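Let's see this in three dimensions:
(2 chains)
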Amino acid sequence: DAKTTQPPSMDCAEGRAANLPCNHSTISGNEYVYWYRQIHSQGPQYIIHGLKNNETNEMASLIITEDRKSSTLILPHATLRDTAVYYCIVRAHLSGSARQLTFGSGTQLTVLP
Amino acid sequence: ETGVTQSPTHLIKTRGQQVTLRCSSQSGHNTVSWYQQALGQGPQFIFQYYREEENGRGNFPPRFSGLQFPNYSSELNVNALELDDSALYLCASSSGTQPGYGYTFGSGTRLTVV
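Coordinates of the predicted model:
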């Protein structure tokens, strides 16, 4: 699985958009970009994933550059409950076999009141 | 739909002892993975069980072992505990046919080795 690079920490004002970047310059054509977050004292929680098109769900939006070497997770209206460590992960879809999630150190997002 | 439950939530053991951690997978999920998360770091993959067989392992020594039962629940066993085994141990369940977004994590077991 491709390696990802994320800033160690970011702050965001409550109610504003939080834009979390991720570099994955060695991503392969069959690898997807996934985002998980981990709120303190909890297990990681799936947020969103995408291959090459921009994706949006009820939690966030994912913008992937045309060359797929980087992506941005957008939380449109951050709340205090969005304070967490956000992990960007790239991996291929392989069903029925051991394809673990490879976590880096992630970005600690702190939403400020 | 129930989520992933892990027990116990906290545990203190002495170096050299053995420990068993338990995980009940989410309803409908037949794959269980275990992760170790040291303080300040991301989770590290230990191994995965699919239909009661280990089908993938990370860079962990053999004293880390596991089981999956017919109801898809799982155990993580660690023998000869070392101080560096102190960590949060996370269990994640998924459907074997689902891609990565199918992983549901439990809240973990905090193991302290003294």
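
and residue B:106, how many residues sit next to it?
24 (other CB atoms under 10 Å in any protein chain shown). Using the backbone N, CA and C atoms, a C-beta is placed for each residue, glycine as well.

Flag every residue of chain B that's near chain A.
Contact residues, chain B versus chain A (CB under 8 Å from any CB of the partner chain): B:4, B:33, B:35, B:41-45, B:47-48, B:50, B:55-58, B:90-92, B:96-108.

Now restrict the residues you listed to buried residues only.
B:4, B:33, B:35, B:42-45, B:47-48, B:50, B:56-58, B:90-92, B:99-108 (16 or more other CB atoms under 10 Å in any protein chain shown).

for the spatially most central residue of chain A, what are its contacts?
The geometric centre of chain A, computed from its C-alpha atoms, lies nearest to residue A:35 (CA atoms, centre = their mean), at 3.1 Å. Residue A:35 sits next to A:20, A:22, A:46-49, A:60, A:62, A:73, A:86-89 when contact means CB atoms under 8 Å, 6 or more residues apart in numbering or on different chains.

Let me have these in CSV, adding secondary structure as columns.
Shown next, in CSV, are the contacts of residue A:35 (DSSP: H, G, I helix; E, B strand; the rest coil):
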residue, secondary structure
A:20, strand
A:22, strand
A:46, strand
A:47, strand
A:48, strand
A:49, strand
A:60, coil
A:62, strand
A:73, strand
A:86, strand
A:87, strand
A:88, strand
A:89, strand
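
could you dump the residues you listed to CSV with neighbour count and distance to residue A:111?
Formatted as CSV, these follow (neighbours: other CB atoms under 10 Å in any protein chain shown; distance: CB to CB, whole Å):
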residue, neighbour count, distance to residue A:111
A:20, 22, 12
A:22, 24, 19
A:46, 18, 20
A:47, 20, 15
A:48, 19, 18
A:49, 20, 23
A:60, 19, 14
A:62, 22, 19
A:73, 25, 14
A:86, 23, 12
A:87, 26, 17
A:88, 26, 18
A:89, 25, 22
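
Filter those to keep only those in contact with chain B.
The residues of the contacts of residue A:35 that also fall near chain B, by CB under 8 Å from any CB, are A:46, A:48-49, A:87, A:89.

and of the residues you listed, the nearest to residue A:79?
Nearest to residue A:79 among the ones next to chain B among the contacts of residue A:35: residue A:48, at 17.1 Å, using CB to CB.

bridging residues for the closest residue in space to that closest one that isn't next to it in sequence?
Nearest non-adjacent residue to residue A:48, counting by CB to CB, 6 or more residues apart in numbering or on different chains: residue A:62, 4.9 Å away. Note on residue A:62: beta-bridge partners by DSSP bridges are residue A:55, residue A:73.

ok, residue A:62 touching residue A:52?
No. Between residue A:62 and residue A:52 there is no contact under CB atoms under 8 Å: 10.7 Å.

Bridged to the residue nearest to the centre of chain A, which residues?
residue A:48, residue A:88.

where are the low-confidence patches of chain B?
For chain B, the stretches with pLDDT under 70 are B:1, B:96-101.

Can you pull the phi/psi pair for whichever residue of it sits closest to chain A?
Chain A sits closest to residue B:56 of chain B, with a gap of 2.1 Å, by CB to the nearest CB. Residue B:56 adopts backbone torsions of phi 170, psi 140, taken as degrees, to the nearest 10.

Beta-bridge partners for it, please?
residue B:48.

can you check residue A:10 too?
According to DSSP bridges, beta-bridge pairing links residue A:10 with residue A:109.
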